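**Q** Below: sequence and its predicted model.
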Amino acid sequence: MAKFVDSHTHCEFSPDSRMKMADAVQKVKIEGLGGIVFTDHMDIDTPTQDRTFMFEPEEQQAAIDNLENREGIEVLKGIEIGMQPQVLDQLDRYIGKSSFDQVIASVHFVDGVDPYHQPYYDGKDFIQAYGRYLDIIYQCITSYRDFDILGHYDYIARYAPYTERSIYYRDFPIQLDRILKFLASEGKALEINTNTYREKCGGVPQLDTDVLRRFRELGGEYVSLGSDAHDLNRIGEQFALYSLVIKSCGFDTITHFKGRKANRVKIG
């Protein structure tokens, strides 16, 4: 397998993570990856007002700088910002004053509700539930542009109670086109997050390759690959499979960011 960098992981600076940086670095070496980006959660104004989903960037970055036994791999500084319309004006406090290599923009909450839980879906069919999520993504990324990667655009499908457990381009062509056009025009990456394509809530969401092909048609250049690992055994999970899927859709490289600049690794 090519020396891909796992561009989306969580360590001890994320409260829901069960792995430490030092252990993750050794696991990267065992897996034969080229590196890892620690992209810890920065979710401001969660529905439960849980401030543990925030961290001090200086502390995280100092911990990365002090890691030992990292020779031969890249260990990069990242953040996953939780995008909500009401918090966008607060994000520069964390992004602008820190030396991140990579910024992932993700949506975890919709209209003040966590779609991990059933109440988000009450009274909605899958078109309404998924469509609203995609609308919020577009609203946020066009209002706050200081990011490199759009994280898990199909996150909403992970925990949904419907038989329709995937976001297909055919169902949301208008919403997806405007997101993909914006990412392509701004030189942003679209993330393929392998955590989404695992069994959850009795189903396995599927990656719709039509979304990737459409991104390429619209001029998209960058696709990132992230495990969203919160424990060691998921680092680099299914990268061999999904790198080939990405290649089949017209992309020759997998992209991660270093110093906020795109770095491409050729798919073998």
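**A** In hand now; what should we look at? From a predicted model like this one, the values you see are computed outputs, not experimental measurements. Residues are numbered from 1 along each chain as shown.
**Q** from here on, contacts and neighbour counts on C-alpha atoms
**A** OK.
**Q** So what's the predicted local confidence for the residue nearest to residue 222 when sequence neighbours are not counted?
**A** Excluding the flanking residues, the one nearest residue 222 by Cα to Cα, 6 or more residues apart in numbering is residue 189, at 4.5 Å. The model reports residue 189 with a pLDDT of 98.
**Q** same question, the one 3 residues further on
**A** According to the per-residue confidence, residue 192 scores 98 in pLDDT.
**Q** got it, and residue 201?
**A** At residue 201, the model reports a pLDDT of 64.
**Q** Likewise for the one 10 residues further on?
**A** Here, the pLDDT recorded for residue 211 equals 98.
**Q** Next: residue 268.
**A** Per-residue pLDDT puts residue 268 at 86.
**Q** strand partners of the host helix or strand of residue 81, parallel vs antiparallel please.
**A** With secondary structure defined by DSSP states H and E, residue 81 is part of strand 74-82. With DSSP bridges as the test, strand 74-82 is paired with strand 35-42 (parallel), strand 102-106 (parallel).
**Q** and these as JSON lines, adding mean pLDDT?
**A** Shown next, in JSON lines, are the strands paired with strand 74-82 (pLDDT from 0 to 100):
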{"stretch": "strand 35-42", "mean pLDDT": "98"}
{"stretch": "strand 102-106", "mean pLDDT": "98"}
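**Q** picking that back up, report the contact partners of the residue nearest to residue 222.
**A** 148, 149, 150, 183, 220, 221, 222, 223, 224, 255 (Cα atoms under 8 Å, 6 or more residues apart in numbering).
**Q** Name the residues that touch the helix or strand of the chain with the lowest mean pLDDT?
**A** Ranking every helix and strand in the chain by mean pLDDT, DSSP states H and E puts helix 92-95 at the bottom, with a mean of 88. Residues outside helix 92-95 that contact it (Cα under 8 Å, 6+ apart): 57, 146.
**Q** For that helix, buried residues please.
**A** Of the residues in helix 92-95, 94, 95 count as buried by neighbour count, 16 or more other Cα atoms under 10 Å.
**Q** Could you point out which residue ranges in this structure have low pLDDT?
**A** For the chain, applying pLDDT under 70 flags the ranges 1, 201.
**Q** Got phi/psi on residue 31?
**A** Residue 31 adopts backbone torsions of phi -80, psi -10, taken as degrees, to the nearest 10.
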